[in-house]
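A.B. asks: need a 3D model of the sequence below.
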Amino acid sequence: MFKITAYGVRPTEVDYFNKLNTYDFDLNLIPAMLVHENVETAKGSDAVLLRGTCVGDRENLTKFKEWGINYVFTRTVGFDHVDLEAAKELNIKAARVPGYSPYAVAELAMTLGMTLFRSVGPAMANTHAGNFKVLDPYFSKEIHSSTVGIIGCGRIGAAEAELYSGMGAKVIGYDSHTNDPKVKNGINLVSLAELLKEADIISLHVPFVPGDTENLIDEAELEQMKDDAILINTARAQVVNMEAVTKALQAHKIGGYGTDVVVDEGAIFGNEFANLADLPNQDVTELMNNYPNVIITPHIGSFTEPALEDMISVSYKNFQDTLDNGTCANELV
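C.D. replies: Numbering: from 1, shown residues only. Okay, here's the model as predicted:
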């Protein structure tokens, strides 16, 4: 029987892994993310299934190969956590899930955007502290007469655009990877400069590509935004310069920042800290200190039932297709 060790399987997800196991794989479900210290839990397996914050580096891949593991797949869209060069050298097959329910991330992005747009964070912080006054900073525009800018107009960006359009907002987009400079997935495209200038809420849905989308939003881009604009990042932490965002918040150059991703996620998400000073990354600590104009969620964008079922089902099919045909449609190596 083909044995798969899956890492980062939350208790809520166990039943879904079992229910969707129509190929009758032998499953070894590990709650923890894969790191160097727990890599031996994969011994005796034929394959490994990772999630986004797992460590799929050369060191772990080399050990997998030594133990006869020739398949290291990820159940995520992003795959920067897997060393594809090492996998190729070691003759390890790698594959991903190219997409899942786009509304999972889109709904969270919109929720973060609207929470900051309507100053719900500051209002909640104050009322929970006993202050029920209606303060001037709560004064807000209305979304139906505002502009939302979507950077990255693929399936997720298009889903969020649909949600905001349904509330009457004007939606504009920017996408560097399109054959049509005017429209993509029903979103009217403009230049990045125009989007930064016009949008009241800016939402990021681009992959992290070193040297391309790395620090896509930096000091220069933040300077072009409205002083009360809301920036939302449910993509990858590296597409935003967090130090620059912190400075912009402190200088009141933007209205707020909502994110589902941070740097050093493997060392932060999944852990509980006694206080913010214990966080292992100073940039994240500084950003958190700007609450309530900053909302950080622990990478829960894809943590919905439809998205989970898509991830697991496609991952299982990736394994079965590779076993049957030597390859699958979503192969990376």
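
A.B. asks: now the strands for the stretch 1-150 of the chain?
C.D. replies: 3-7, 26-30, 47-50, 71-74, 147-151 (DSSP state E, counting those that start in this stretch).

A.B. asks: ok, which of these comes nearest Lys184?
C.D. replies: Judged by Cβ to Cβ, the one of these that comes nearest to Lys184 is strand 147-151, at 9.5 Å. For every residue, glycine as well, the C-beta is placed using N, CA and C.

A.B. asks: picking up where we left off before, let's have the strands of the stretch 1-150 of the chain in TSV, adding distance to Asn293.
C.D. replies: TSV is the format used below for those (distance: least, Cβ to Cβ, whole Å):
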stretch	distance to Asn293
strand 3-7	35
strand 26-30	37
strand 47-50	34
strand 71-74	33
strand 147-151	19
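
A.B. asks: the longest helix in the chain is where?
C.D. replies: Criterion DSSP state H: the longest helix present in the chain is helix 305-325.

A.B. asks: show residues contacting it.
C.D. replies: Contact with helix 305-325 is made by 2, 4, 13, 16-17, 20-23, 25, 47, 49, 71, 73, 75-76, 93, 95-101, 103-105, 302, 327-331, as judged by Cβ atoms under 8 Å, 6 or more residues apart in numbering.

A.B. asks: cool, stretch 59-66 as well?
C.D. replies: By Cβ under 8 Å, 6+ apart, stretch 59-66 touches 34, 36, 39-40, 42, 48, 72, 83, 86-87, 90-92.

A.B. asks: filter those down to the buried ones, PyMOL style.
C.D. replies: Buried residues among these (16 or more other Cβ atoms under 10 Å), as a PyMOL selection:
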select buried, resi 34+39+42+48+72+83+86+87+90+92
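
A.B. asks: any idea which of the contacts of stretch 59-66 is closest to Ala125?
C.D. replies: Closest to Ala125, out of all of these and judged by Cβ to Cβ, is Leu34, at 36.4 Å.

A.B. asks: list the buried residues of stretch 244-252.
C.D. replies: So stretch 244-252, judged by 16+ other Cβ under 10 Å, has buried residues 244-246, 248-249.

A.B. asks: according to the record, where do the domains of the protein fall?
C.D. replies: 3-100+304-325, 102-296 (automatic domain parsing).
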